[in-house]
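Q: Sequence plus the predicted model coming up.
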Amino acid sequence: MLIVGIAGGTGSGKTTVARAVFDAIGVEYVTLISQDAYYKNHAFLSFEDRAHLNYDHPESFDNDLLVAQLAQLRAGQAIEMPVYDFTTHSRRPETIHVPAKPVIVLEGIHVLVDASIRDMLDIKVFVDTDPDVRVLRRVVRDIQERGRTIESVYDQYLNTVKPMHDAFIEPSKRYADLIIPEGGENKIAISLLTTRLSSFLAEPIR
């Protein structure tokens, strides 16, 4: 089994790269996991308190659960992945059954920040995209998909998103085996990654 980590700032194109790998290799060989599913569950707090938490800090994720489930997948065991609701800032009661497959692709902003996650990764990728492009993508996504107002997106970006990117995400680039500029638009870099994964799948089982 090969575990690939795809990191990068918000709106960098991580999901686009992960989806391109998924489409190129095939559903029977690849499982996609988003670190976003592993936000800590703060259902015990009021909605107002949950809305003011810093969701861009590495400690906002339940990395212990993520690492444990990656270990299960590597051992060939299926997992029950949590489901996070961004409109309520809480974890839903249902889970998603995720089977173990030869290639696991994990994408998320802090995938390369936490050493315990990095140690689980066989290939580490960083998607590097211009900040102006990233912030515009973030605005569109949060308004259309997560029910946010333009004011809340603006405040969050200035107060937590940008400071956390500068403090944690950008420095994590040094751990990458492969840096992909411009995300999903970089067809050559994506082709190099998928070629490596295809070669792995073609190797005889030892």
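A: Now that the structure is in, tell me what you want to look at.
Q: Only alpha carbons, please: show stretch 178-186 as PDB.
A: The C-alpha trace of stretch 178-186 is given here as PDB (Å, rounded to 0.1, in the frame of the first residue of the first chain):
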ATOM      1  CA  LEU A 178       7.100  17.000  -4.900                       C
ATOM      2  CA  ILE A 179       5.900  20.700  -5.100                       C
ATOM      3  CA  ILE A 180       3.200  21.300  -7.700                       C
ATOM      4  CA  PRO A 181       2.900  25.000  -8.700                       C
ATOM      5  CA  GLU A 182      -0.600  26.200  -9.700                       C
ATOM      6  CA  GLY A 183      -2.300  23.100  -8.500                       C
ATOM      7  CA  GLY A 184      -4.700  21.400 -10.800                       C
ATOM      8  CA  GLU A 185      -3.500  23.500 -13.800                       C
ATOM      9  CA  ASN A 186      -0.100  21.800 -13.700                       C
END
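Q: contacting residues around it?
A: The contact list for stretch 178-186 (Cβ atoms under 8 Å, 6 or more residues apart in numbering) reads 8, 12-14, 16-17, 19-20, 123-130, 173, 189-190, 192-193. C-beta coordinates here come from the backbone N, C-alpha and C atoms, glycine included.
Q: from these, which would you call buried?
A: Neighbour counting over these (16 or more other Cβ atoms under 10 Å) leaves 8, 12-14, 16-17, 20, 123-129, 173, 189-190, 193 as the buried ones.
Q: Tell me which entries of these lie within helices.
A: Judged by DSSP state H, helices contain the following of those: 14, 16-17, 20, 189-190, 193.
Q: ok, the residues you listed vs Leu112, which is closest?
A: Closest approach between those and Leu112, by Cβ to Cβ: Lys14, at 11.1 Å.
Q: From Ala189, how far out is the residue nearest to the spatial centre of the chain?
A: Central residue of the chain (Cα atoms, centre = their mean): Gly108, 1.8 Å from the mean position. As judged by Cβ to Cβ, to the nearest Å, Gly108 and Ala189 stand 19 Å apart.
Q: Averaging pLDDT per element, find the lowest-scoring helix or strand in this protein.
A: helix 131-146 (a mean of 71; mean pLDDT, DSSP states H and E).
Q: for whichever helix or strand comes after that helix, packing partners?
A: Sequence-wise, the next helix or strand downstream of helix 131-146 (DSSP states H and E) is helix 150-156. Here helix 150-156 touches helix 131-146, going by 3 or more Cβ pairs under 8 Å, 6 or more residues apart in numbering; DSSP states H and E.
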